[in-house]
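# turn this into a structure:
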Amino acid sequence: MHKGAKTAIMFPGQGSQYVGMGQDFLAEHGEARDFLTRAAEISGLPLARLCLEGPEEELTRTLHLQPALTAINLICWQAVDRAGIKADFFVGHSLGEYAALAAAGVLSFDDTIRLVTRRGSLMEREAAANPGAMAALVKLDIETVREIVAGATAQGRLAIANHNSAAQIVISGEAPAVAAAAALAKEQGGKAIPLKVSGAWHSELIRGAVTDFTQALAAVPVAAPRTPILFNVTAAPEPDPARIREIMARQIAATVRWYEIVQRLMAEDVRTFIEVGPKTVLSGLVRKIIPADYDCAILQVDSPATLAACRQAL
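Numbering: from 1, shown residues only. Predicted coordinates for the structure are as follows:
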């Protein structure tokens with residue numbers, strides 16, 4: 001690995017959850033159990049039961065999932081931090097950005113749980129009022145997808161939700177528009193995979209959450225990041241707390257620019273990518289984005305065993 005090479009810690013978002021997530025850290029560390037108990041008190045939700053026993057449809061409800069997954073991401077981060085692993089950048093995918101804010105010292109752990117609980121309830125409210133759908137378009141580049149979205153908006157509101165990799169782009173909006181885009185994608189030689197989601201996240205359909213969430217953000221202290229975060233909305237760092245509040249309010253209904261974030265990390269000579277939290281969704285996306293000749297390590301930590309393997313690799 002290159003001398004002076006940097007490390008990025010990445011936190012996953014909705015879709016990475018599973019029943020049983022975090023159980024090994026919770027079994028081994030009193031600190032992890034205390035944190036989950038505290039998060040349950042703040043959120044008013046039975047997080048330990050949801051994470052460890054489910055049922056899956058209850059865990060997956062966005063109101064429950066946002067504090068549950070954020071708590072597990074942060075429990076995994078506490079273990080990584082205790083192990084002395086240092087980050088040069090923090091990034092998170094959509095909901096995962098909140099764990100990045102906590103890890104970088106922008107938000108207190110308590111306020112992070114408070115905010116994601118509020119975010120989950122607002123997003124659930126808007127999804128109920130404005131039902132929609134999401135689909136992953138594969139084998140097509142961003143320019144083609146932009147044209148497809150423009151062509152499908154005659155059928156309803158539609159947006160690019162996640163630019164995940166060069167040829168994996170998620171669209172979000174009203175069901176007839178998503179269906180029209182899927183048909184156009186097929187004509188262009190691509191493929192549309194419907195996503196099992198409870199709302200049209202990162203689209204106009206949930207923009208109604210932004211005003212109320214802006215008020216929630218105004219009520220908590222926001223500090224400058226101690227370690228740079230590359231934000232979903234801008235794919236760039238932002239040191240100013242006032243701007244961070246504005247960016248995080250917009251994030252709910254804006255495109256997640258993951259592909260650009262990983263490109264920026266490579267430009268900054270990040271050679272170690274550590275996914276901290278359940279599953280390996282982000283590790284898989286990084287592998288798709290990074291060229292074969294780019295020398296790097298892609299690691300993942302969600303248990304004492306994977307933490308030991310990560311330390312050995314480092």
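
# okay, strands next: where are they in the stretch 201-314 of the chain?
Using DSSP state E, counting those that start in this stretch, the strands of the stretch 201-314 of the chain run over 270-276, 297-301.

# how about low-confidence regions in the chain?
Flagging of the chain using pLDDT under 70 yields the residue ranges 1-3.

# name the nearest residue to the residue nearest to the spatial centre of it, ignoring sequence neighbours.
In the chain, the residue lying closest to the centroid (Cα atoms, centre = their mean) is residue 93, at 2.5 Å. With Cβ to Cβ, 6 or more residues apart in numbering as the criterion, residue 93 has its nearest non-adjacent residue at 4.3 Å, and that residue is residue 13. Every residue, glycine included, has its C-beta placed from N, CA and C.

# ok, how many other residues are close to the one you found?
Neighbours of residue 13 under the rule other Cβ atoms under 10 Å: 27.

# wait, it touches residue 100, no?
No: Residue 13 is not in contact with residue 100 according to Cβ atoms under 8 Å; the separation is 10.4 Å.

# re earlier: now the strands of the stretch 201-314 of the chain as JSON lines including distance to residue 314 and mean neighbour count?
Listed next are the strands of the stretch 201-314 of the chain as JSON lines, based on distance: least, Cβ to Cβ, whole Å; neighbours: other Cβ atoms under 10 Å:
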{"stretch": "strand 270-276", "distance to residue 314": "7", "mean neighbour count": "24"}
{"stretch": "strand 297-301", "distance to residue 314": "8", "mean neighbour count": "20"}
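
# ok, back up a step: which element is the residue nearest to residue 93 on?
Counting by DSSP states H and E, no helix or strand carries residue 13.

# please report how far it lies from residue 144.
Separation of residue 13 from residue 144 (Cβ to Cβ, to the nearest Å) stands at 25 Å.

# do residue 6 as well
According to Cβ to Cβ, residue 6 stands 33 Å off from residue 144.

# of the two, who's got more company?
residue 144 (18 against 15).

# number of residues surrounding residue 307?
For residue 307, using other Cβ under 10 Å, the count is 23.
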